[in-house]
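S.K.: Build the 3D model from these lines:
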Amino acid sequence: MAGRTDALGAGPGRPRPAATVMVVRDGQHPVAPLEVLMLRRNLRSEFVGGAHVFPGGAVDPADDGEDAAGVCAGGDDASASALLGLEGGGLGYWVAAVRECFEEAGILLAVPDGGGTLSLDDPADAARFAAHRRALNGGGGSFVELCRREGLRVPLDRIHYFAHWVTPEGLSRRYDTRFFVAAAPPGQVPAHDAAETVADVWVRPADALALHRAGEMELILPTIRNLQAIGRFPTAAALLDAAAGVRQVPVVAPRMVVDSEGLRLLLPGDPGYDELAPAPPASPEAAAAATRAAAARANAPDAAGR
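M.R.: Numbering: from 1, shown residues only. I've put the predicted structure just below:
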């Protein structure tokens, strides 16, 4: 994505831009009905296979530029970049979040030109968009062209920027990930892609965290922290209202370090975060073990609210 600059610098090991979206709705719980859509990663994934995550992935070059801007509404690249703290290229994160959600989960957050939401209740519409999705996942389609052909827009003002995480140095794959939150469109049903993801589930944040503590749902550190953050809101409307008012999102940059306890993943504020030297490149197995240990600490019963 030409033209993007930020505070992370350049050079070898630079994290790749990525976007993730937390799609939320209200379920049946009488007090705190907020639910979020989660996908289970393929067990054969290189890193933390089998973990439950939010839909998302890397920002592609086609997600940015004039063609992509032409299928966006509710903002422009200048406003999107300013919110993300970038000089340019911010709009591409929104487009990537919507595209990846459609490819991985079958939920299309784009809206019709005339307003409203996109419903796929009609079997003919559902079949047509399923074909669009197969084309995208097969590498033979263009998301921007799909939006243009179907008269859809990516609604920047309905998809709210929520969190910013950067993969620590020392890992073979690093991402500079922006997390967004959006309402689930009525009339659409999620369906995992059966390739990168092998299951989909609507779950209350508190229930997902409880399942992780019980060893029944694998979660990684950024997912846990974001579940804790959105779980403070009882309903989807309360969360979306609060997220719409956010104007500054801090970057969270964990660090891999080695000390007497071995390889550890630390967050800003953890003892040793500013003092210990970064760990040398870690094997996927060692990094996964450190990540799981950090996730267990973050989701321990006495860690709530920290």
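S.K.: Please make it C-alpha for all contacts and neighbour counts, starting now.
M.R.: Noted.
S.K.: Please enumerate the helices of the stretch 1-150 of the chain.
M.R.: 66-69, 77-84, 91-105, 123-137, 143-150 (DSSP state H, counting those that start in this stretch).
S.K.: Quick check: the gap between the residue lying farthest from the centre of the chain and residue 193.
M.R.: Relative to the C-alpha centroid of the chain, counting by Cα atoms, centre = their mean, residue 260 is the outermost residue, at 33.5 Å. Noted for residue 260: a distance of 42 Å to residue 193, by Cα to Cα, to the nearest Å.
S.K.: List the buried residues of the lowest-mean-pLDDT helix or strand in the chain.
M.R.: Sorting the helices and strands of the chain by mean pLDDT, DSSP states H and E puts helix 284-298 at the bottom, at a mean of 88. The neighbour-count check on helix 284-298 (16 or more other Cα atoms under 10 Å) flags 287-296, 298 as buried.
S.K.: same thing with stretch 191-209?
M.R.: For stretch 191-209, burial by neighbour count (16+ other Cα under 10 Å) applies to 191-193, 196-200, 202-206, 208-209.
S.K.: Check stretch 182-189 too.
M.R.: Buried-residue list, stretch 182-189, by 16+ other Cα under 10 Å: 182-185, 188.
S.K.: Kindly export that stretch (C-alpha atoms) in PDB.
M.R.: C-alpha atoms of stretch 182-189 as PDB (Å, rounded to 0.1, in the frame of the first residue of the first chain):
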ATOM      1  CA  ALA A 182     -19.500  -3.400  13.700                       C
ATOM      2  CA  ALA A 183     -23.100  -4.500  14.100                       C
ATOM      3  CA  ALA A 184     -24.200  -7.800  12.500                       C
ATOM      4  CA  PRO A 185     -26.400  -7.200   9.500                       C
ATOM      5  CA  PRO A 186     -29.900  -8.600   9.900                       C
ATOM      6  CA  GLY A 187     -30.700 -11.200   7.200                       C
ATOM      7  CA  GLN A 188     -27.200 -12.600   7.000                       C
ATOM      8  CA  VAL A 189     -26.000 -15.900   8.500                       C
END
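S.K.: Mind checking the pLDDT average for that stretch?
M.R.: On average, the pLDDT along stretch 182-189 is 96.
S.K.: try stretch 105-113
M.R.: 96.
S.K.: show me where this protein has strands.
M.R.: Assigned by DSSP state E, the strands in the chain fall at 16-26, 34-41, 52-53, 56-58, 72-73, 111-112, 152-155, 160-166, 175-183, 197-203, 251-252, 255-259, 262-266.
S.K.: and stretch 203-217, how far out from the chain's middle?
M.R.: 18 Å (Cα atoms, centre = their mean, to the nearest Å).
S.K.: Just the endpoints, please. Distance across that stretch?
M.R.: OK, stretch 203-217 end separation, Cα to Cα: 11 Å.
S.K.: contacting residues around that stretch?
M.R.: 33-38, 51-52, 218-219, 224, 227-228, 230-231, 296, 299-300 (Cα atoms under 8 Å, 6 or more residues apart in numbering).
S.K.: mind redoing it with 10 Å?
M.R.: Stretch 203-217 is contacted by residues 24-27, 29, 32-38, 40, 50-52, 202, 218-220, 223-234, 295-297, 299-301 when judged by Cα atoms under 10 Å, 6 or more residues apart in numbering.
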